[in-house]
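**Q** have a look at this prediction, sequence included:
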Amino acid sequence: MKNDVEQLARSIASYADLLLDKRVRMEAIHSSTEPVRQISQNLTVMYTQSRVLAPAFLGPISELLKSLDPNAPIDLAKLVPTDRRRRYEWVEALKQGLDIPLMHVTYAPGSNVGNVHWVWHCTAENIDEALSISQPIIEQIKGDIPEYHTRAIRREAFQLFGLTTPTTKKAVLRHIYKAIALARKSMPEEMEAEATKCNSMKALRSVAERIVGFKEAILDSISPVKVILTDIAKRLELKEKKFTVFSPATKLDDLWTSIFSIDQEFPYSQSDKLSGKDLTSQLVEFMSHCCKQRHYYFDILKCGERKCKICLPTRLPADVFKGLDHLPDPLPGTEGHYKHFAEVFRSKTSEEHRPSLKRAAKEKTLPFYASLQNVKNADMMLMCDVCEMWRLVYSRRKLKQNEKKELEKGLDCVSFSCGAQLQDSDVPEYLKDAVFVRKMSCEDPIKKLYYSAKFEDICVYCSGPVPPWSDTEAFYPQCTSCAEKPIIANSKKNKTVNT
């Protein structure tokens, strides 16, 4: 019995040492400012001679390689099957060769990211000649390989851009980081210099208007990122249905043609944003007559009357057009689900049951009455990925420095949206009964405690930038885009005036 206990103790001690060693190594990796995996150490090159009988399902890739110039590499990201098992079998079969000599390069980034493959028709007759011919191609490929960063690199990037652009929202920083982490293709030096000065799409468009070729250079630079993100999105499923990825509109010529068909005197503009003030009386009349505008969609349907002076006659057959109608709004069904589209189509609906309009009961928003001290206890905010509004984090008690670091670490990779709760995220267990966010919708304005806590001055409706604001002013700040919305009285100012 004694020997068994001693053996168990030694085993537990050995396992504890193993876990400690792993923890030390992982902490070193997370705090490293250099990528853990080096490209040269995780790149494999394979030369395969032609074979007579290749599987039929490899026929399309063989024909594609034959149609290209010899020694011209292609990325297999869009060609491999999306199903994991079929992709593995497909790649393994490809490694056995095609009916042409083949060069196959594989990069393994580790984790669950998935390998990246390139192949090309190699004109060499043996492995030595193949490596000699392919070396410049492999060096070119190395420049296009995505480099996956550690947590320390990510934090450093956020801090760097946060210092250089203090008014930039966190969502913008995420997009900047994604561009860095996925290693977009480099542009010419003069183009890169101009791009680094921009911190918004509007700034990039402005540069594109000044410099010939800048737009094309940007599109070419981010093309590898788009391929990777598209491939990842296509592998996602919701209710056993694959996600579909659509290409965004790149030109608005068709839109302007349609607008001019309604109002030929509408002023043409290159602006990427139009407000209600820009609409002419003819467009307003057309929109009220033919359009249905909602928070999630905007649809247009002609009335169908041949003599209508507002919209043109329909081009569809009459029996087909009669089957059309405006999209319905969501209506609640049973067991917490919404009714099926077929049940509500052609019904009169409104937006009152829209998910983002649902407000949680006031008594359930927080488990305690929130004060300014609860805000200062956490001294932290989260941005909604949907509406980009800042939401306060409340804490029952003052968080220690190491607790704040643990909390930030847990929330670092969380995709937060209004209504979500910290208790459902990767918050440390010992903090789940201490820190909270209010149950809010994307329609809710910024909470008054935000301004009492002396955070950065932002619009109460959209979190956008505003001129310097003082808590002695009568109303909370609103940006120019939200100027037409109802003003919200500053409760602190009113209390001062009343006394």
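**A** In hand now; what should we look at? Numbers count the residues shown, from 1 in each chain.
**Q** what about residue 422, how many neighbours?
**A** Residue 422 has 21 neighbours, counted by other CB atoms under 10 Å. C-beta coordinates here come from the backbone N, C-alpha and C atoms, glycine included.
**Q** that one contacts residue 438, doesn't it?
**A** No. Applying CB atoms under 8 Å, one finds residue 422 not in contact with residue 438, separated by 10.8 Å.
**Q** relative to residue 431, how far out is the closest residue to residue 432 other than its chain neighbours?
**A** Setting aside the residues directly before and after it, residue 432 is nearest to residue 423 in space (CB to CB, 6 or more residues apart in numbering), at 5.0 Å. Using CB to CB, to the nearest Å, we find residue 423 at a distance of 10 Å from residue 431.
**Q** same question for residue 323.
**A** 55 Å.
**Q** okay, these two: which has more neighbours?
**A** When residue 323 and residue 431 are compared for neighbours, residue 431 comes out ahead with 19 against 8, by other CB under 10 Å.
**Q** show me the contacts for that one.
**A** 399, 403, 406-407 (CB atoms under 8 Å, 6 or more residues apart in numbering).
**Q** separation between it and residue 367?
**A** As judged by CB to CB, residue 431 and residue 367 stand 14 Å apart.
**Q** and residue 474, by the same measure?
**A** Going from residue 474 to residue 367 by CB to CB gives 33 Å.
**Q** got it, and residue 466?
**A** For residue 466 relative to residue 367 (CB to CB), the value is 32 Å.
**Q** comparing those two, which shows the higher neighbour count?
**A** Neighbours per residue, other CB under 10 Å: of residue 466 and residue 367, the larger number sits with residue 466, 18 against 11.
**Q** quick check: closest non-adjacent residue to the more buried one.
**A** Residue 466 sits nearest to residue 477 (CB to CB, 6+ apart), 4.1 Å away.
**Q** dump the residue contacts of the one you found.
**A** 457-460, 466-467, 469.
**Q** highest neighbour count among those?
**A** residue 460 (25 neighbours).
**Q** contacting residues for that residue?
**A** 445-446, 476-478, 482, 488.
**Q** kindly provide the distance from it to residue 450.
**A** Applying CB to CB to residue 460 and residue 450 gives a distance of 9 Å.
**Q** ok, residue 423 next?
**A** 22 Å.
**Q** so these two - more neighbours on which side?
**A** The neighbour comparison of residue 423 against residue 450 (other CB under 10 Å) goes to residue 450, with 20 against 13.
**Q** and the contacts of residue 477, which is closest to residue 304?
**A** Relative to residue 304, the closest of the contacts of residue 477 is residue 459; by CB to CB it sits at 42.2 Å.
**Q** now that closest one, nearest residue through space, not along the chain?
**A** Among residues not flanking residue 459 along the chain, residue 479 sits closest, at 4.0 Å (CB to CB, 6+ apart).
**Q** show me where the stretch 1-150 of the chain has helices.
**A** 2-31, 59-67, 84-95, 127-144 (DSSP state H, counting those that start in this stretch).
**Q** these: which one's closest to residue 50?
**A** Using CB to CB, the helices of the stretch 1-150 of the chain put helix 59-67 closest to residue 50, at 9.9 Å.
**Q** run through who's touching that closest one.
**A** Under CB under 8 Å, 6+ apart, the answer for helix 59-67 is 54, 74, 76, 79, 94, 98-100, 102, 119-121.
**Q** residues contacting residue 197?
**A** Here residue 197 is in contact with 203, 207 (criterion: CB under 8 Å, 6+ apart).
**Q** mind checking the SS state of it?
**A** What DSSP: H, G, I helix; E, B strand; the rest coil gives for residue 197 is coil.
**Q** ok, it to residue 469 distance?
**A** Applying CB to CB, the value for residue 197 to residue 469 is 28 Å.
**Q** that older thread, which of the contacts of residue 431 sits closest to residue 190?
**A** residue 407 (43.2 Å).
**Q** quickly find the element holding the closest one.
**A** Under the criterion of DSSP states H and E, residue 407 resides in helix 401-411.
**Q** listing partners with orientation, what would you give for the helix or strand just after that helix?
**A** Once the chain leaves helix 401-411, the next helix or strand it forms, by DSSP H and E, is strand 435-436. Applying DSSP bridges to the sheet, strand 435-436 is found paired with strand 394-395 (antiparallel).
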